[in-house]
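**Student:** take a look and give me a structure for this.
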Amino acid sequence: MAATTKGTLLVEGHELTITNPNKLLWPEAGITKGDYLSKLSELAPYLLRYCSNRHLTTIRFPNGYDQKSFYQKNAPDPVPSFVKLAPLDGIQYVNLDSLSTLLWLGNLACLEFHPSFHHIGDTLPAEWLIDIDPTLEEEPRIMEAAHIIGEVLDSLHIQSIAKTSGATGVQIYIPIQPGYTFEQLRKIGYFIASYVVKIYPNLFTIERFKKNRGDKIYIDYLQHWYGKTLSAPYTPRAKKDASVSTPLLWKEVELRPSPREFNLHTVLDRLRKYGDLIEGVPLQNLDAILARLS
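**Tutor:** Prediction:
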């Protein structure tokens, strides 16, 4: 396959046509489309865990991460017979539930995977996320910010995991027991965000307009909502270093690593060492904090 501009792969009994396997998708990182598909196949057990049974939005970069891109919500035609669709509000989303579907999307240069916060056929959140978004392009305080919010959650007896967004931010991921609403989670998110803004006024803000944030780090408790998306755990990102949205140990967060350290060249060894860190966090019961807030 590597010596041609087109080839075929047999995946789960389905024949996939692979085009331009030698095309560089991340030139600085030296990652071709063929390399990318190989890495995606190894990432699949982890990435599919957070994308299957959801409405998927992808971002496609046909000529590489630094070239023209576009969001893809509707499944691109022609849709292979093995691809399952998830219609919602007139859009034919892809249900990313198999390796063959993942590699089909990878061949189309889908470099980023952004699933819905809710499962197909449901309106309740599947988990809870707080997005921590730096205003500055280079923000050395981002891990400090994540650590502070993690400690606040811990003080409320809520276990969480920090994950790099794969871009410049960090997201706090909280597995939750089923049954909570987006409204309830937003109420807790606002409480936590307002608290840390009060305690650390020079570090945090909940100002929605970026031009008014100065150099402060934005706590986006509003992004977690029905119909919105966020970068999936283990999705690659269209960044120079081929970064990957990666869950971290809290002791790693304390060491203030750069999010760029977690990329397509390093993530697979990391997964072999640690497995999926999110899976180790039990589903959280939020009844106590909701009772206090009401």
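**Student:** ok so His118 is a strand residue?
**Tutor:** Yes - under DSSP: H, G, I helix; E, B strand; the rest coil, His118 falls within a strand.
**Student:** quick check, it in contact with Ala126.
**Tutor:** Yes - look at His118 against Ala126 with Cβ atoms under 8 Å: they come within range, at 5.8 Å. Every residue, glycine included, has its C-beta placed from N, CA and C.
**Student:** need the overlap of contacts for these two.
**Tutor:** Shared contacts of His118 and Ala126, defined by Cβ atoms under 8 Å, 6 or more residues apart in numbering, are found at Arg54.
**Student:** these two - which one has more neighbours?
**Tutor:** Legend: neighbour count by other Cβ atoms under 10 Å for His118 and Ala126, higher for His118 (21 against 16).
**Student:** that one: what's it in contact with?
**Tutor:** 54, 124-126, 226.
**Student:** derive a ChimeraX selection command for the buried subset of those.
**Tutor:** To isolate the buried ones among those in ChimeraX, judged by 16 or more other Cβ atoms under 10 Å, type:
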select :54,124,125,126
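**Student:** which ones among the contacts of His118 map onto strands?
**Tutor:** Arg54 (DSSP state E).
**Student:** out of the contacts of His118, which comes closest to Leu111?
**Tutor:** Distances from Leu111 to the contacts of His118, taken as Cβ to Cβ, are shortest for Arg54 (18.2 Å).
**Student:** my guess is the closest one contacts Gly121. True?
**Tutor:** No - if you go by Cβ under 8 Å, Arg54 and Gly121 don't touch, sitting 10.5 Å apart.
**Student:** quick one: the strands in the stretch 1-150 of the chain, in order.
**Tutor:** 6-11, 14-19, 24-26, 31-32, 54-60, 70-72, 84-88, 91-95, 110-119, 128-134 (DSSP state E, counting those that start in this stretch).
**Student:** can you tell which of those is closest to Val267?
**Tutor:** strand 31-32 (12.3 Å).
**Student:** show me what that closest one packs onto, helices and strands only.
**Tutor:** With contacts taken as 3 or more Cβ pairs under 8 Å, 6 or more residues apart in numbering; DSSP states H and E, strand 31-32 sits against strand 24-26.
**Student:** quick check: domain ranges of this protein?
**Tutor:** 6-119, 127-293 (the TED database).
**Student:** next, the distance between the ends of the shortest one.
**Tutor:** To tie it back to what came earlier, the one meant is domain 6-119. 35 Å (Cα to Cα, to the nearest Å).
**Student:** okay, now Asp215: neighbour count?
**Tutor:** Counted with other Cβ under 10 Å, the neighbours of Asp215 add up to 12.
**Student:** meant to ask about Thr5
**Tutor:** Residue neighbour count, defined by other Cβ under 10 Å, stands at 11 for Thr5.
**Student:** which non-adjacent residue is nearest it?
**Tutor:** Closest residue in space to Thr5, ignoring its immediate chain neighbours: Asn20 at 5.6 Å, by Cβ to Cβ, 6 or more residues apart in numbering.
**Student:** model confidence for the one you found, exactly?
**Tutor:** With respect to pLDDT, Asn20 scores 97.
**Student:** from Phe82, how far off is it?
**Tutor:** Using Cβ to Cβ, to the nearest Å, Asn20 is found at 22 Å from Phe82.
**Student:** can you check Lys216 too?
**Tutor:** From Lys216 to Phe82 the distance is 47 Å (Cβ to Cβ).
**Student:** which elements pack onto the helix or strand of the chain with the lowest mean pLDDT?
**Tutor:** Lowest mean confidence among the helices and strands of the chain (mean pLDDT, DSSP states H and E): strand 6-11, at a mean of 94. Packing partners of strand 6-11 (3+ Cβ pairs under 8 Å, 6+ apart): strand 14-19, helix 99-107.
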